[in-house]
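[1] Show me how the following folds:
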Amino acid sequence: MIKEYNIQDLLQREVFVKETKVGVIVGERHHPNESRVASMRLEVLPEIAEEYMRNPTSYAPLAKELVHSIREDGGVKLSKSMRELQRRWRNTVRIDEKLYAPDEMLDRAVVDNQGVQIGVIIDLVKVRRTYRGVVVKVQSGVQRQFGVESEINIPITAFSKTRERLDEVILSRRYDRVQTLPSYIKINGPDFCNQ
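    Residues are numbered from 1 along each chain as shown. The predicted structure follows:
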């Protein structure tokens with residue numbers, strides 16, 4: 001049985017797959033329900049990112065279930081291969097040059113760049129093995145103001161950054177401007193299919 005480690009036990013520890021150093025654990029998502037947090041944040045070494053990511057980035061998720069043990073030198077040993085880590089990094093969402101696991105996106109508030117909360121992410125939209133957008137449960141006031149349904153799709157490309165402490169994802173512009181984006185119109189169109 002693999003021991004459950006607390007994030008405080010793992011912070012700032014180096015991460016290894018066999019003898020290959022992958023990066024350093026720098027934190028995890030701030031979420032009121034700890035059981036929903038399945039990933040930690042990993043600062044990835046540039047040479048690892050270059051070799052194992054399609055588009056190299058400094059920060060990526062590390063699934064807690066991959067933690068095998070703590071080595072004698074204090075490093076964190078992972079239970080899987082680099083190929084498995086690479087596979088998981090492909091199954092992520094990229095926002096502001098950071099990769100996020102699907103569990104890190106669910107339940108996050110969606111806020112436009114003026115601070116108006118649009119709603120909360122309840123699902124992700126995947127097309128041909130790539131996440132193209134998120135499904136947002138819209139606040140009732142926003143539904144009335146903008147004449148939208150209770151659930152809308154927002155393309156990943158409409159997001160500019162995340163706010164970790166507040167567990168928010170920020171749109172690159174006001175919501176009324178996002179509604180005019182071709183990617184927004186397409187992802188909410190009748191011909192769009194979530195595969």
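
[2] Quickly list the domain ranges of this structure.
    7-104, 106-187 (automatic domain parsing).

[3] possible to save those as JSON lines with mean pLDDT?
    Formatted as JSON lines, the domains of the chain follow (pLDDT from 0 to 100):
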{"stretch": "domain 7-104", "mean pLDDT": "88"}
{"stretch": "domain 106-187", "mean pLDDT": "93"}
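
[4] Can you lay out those as JSON lines showing mean neighbour count?
    C-beta: built from backbone N, CA, C; applies to glycine. Listed next are the domains of the chain as JSON lines, based on neighbours: other CB atoms under 10 Å:
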{"stretch": "domain 7-104", "mean neighbour count": "16"}
{"stretch": "domain 106-187", "mean neighbour count": "16"}
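
[5] Check the offset of whichever helix in the chain runs longest from the chain's centre.
    Using DSSP state H, we find that the single longest helix of the chain is helix 82-90. With CA atoms, centre = their mean, to the nearest Å as the basis, helix 82-90 stands 15 Å off its chain's centre.

[6] same check, this time on stretch 150-157
    Worked out by CA atoms, centre = their mean, stretch 150-157 lies 15 Å from the chain centre.

[7] Contacts only, for the closest residue to Gln179 other than its chain neighbours.
    Here the nearest residue to Gln179 in space, its sequence neighbours aside, is Phe146; by CB to CB, 6 or more residues apart in numbering that works out to 6.9 Å. Contacts for Phe146 (CB atoms under 8 Å, 6 or more residues apart in numbering) come out as Tyr175, Asp176, Gln179.

[8] Kindly recompute the last result at 10 Å.
    By CB atoms under 10 Å, 6 or more residues apart in numbering, Phe146 lies in contact with Ile118, Val138, Ile152, Tyr175, Asp176, Val178, Gln179.

[9] and if you look at Ile25?
    Counting by CB under 10 Å, 6+ apart, Ile25 touches 5, 7, 9-15, 40-43, 62, 67, 76.

[10] Just the closest of those residues to Val169, please.
    Arg41 (15.1 Å; CB to CB).

[11] Over to the closest one. Which of the three states is it?
    Three-state call for Arg41 (DSSP: H, G, I helix; E, B strand; the rest coil): strand.

[12] gap between it and Glu28?
    6 Å (CB to CB, to the nearest Å).

[13] same thing with Val148?
    From Val148 over to Glu28 the distance is 32 Å, taken as CB to CB.

[14] What pairs with the strand ranked longest in the chain, parallel or antiparallel?
    Counting residues, the longest strand found in the chain (DSSP state E) is strand 117-127. Using DSSP bridges, strand 117-127 pairs in its sheet with strand 109-111 (antiparallel), strand 130-138 (antiparallel).

[15] export the ones you listed to CSV and tack on distance to Asp103?
    Shown next, in CSV, are the strands paired with strand 117-127 (distance: least, CB to CB, whole Å):
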stretch, distance to Asp103
strand 109-111, 16
strand 130-138, 13
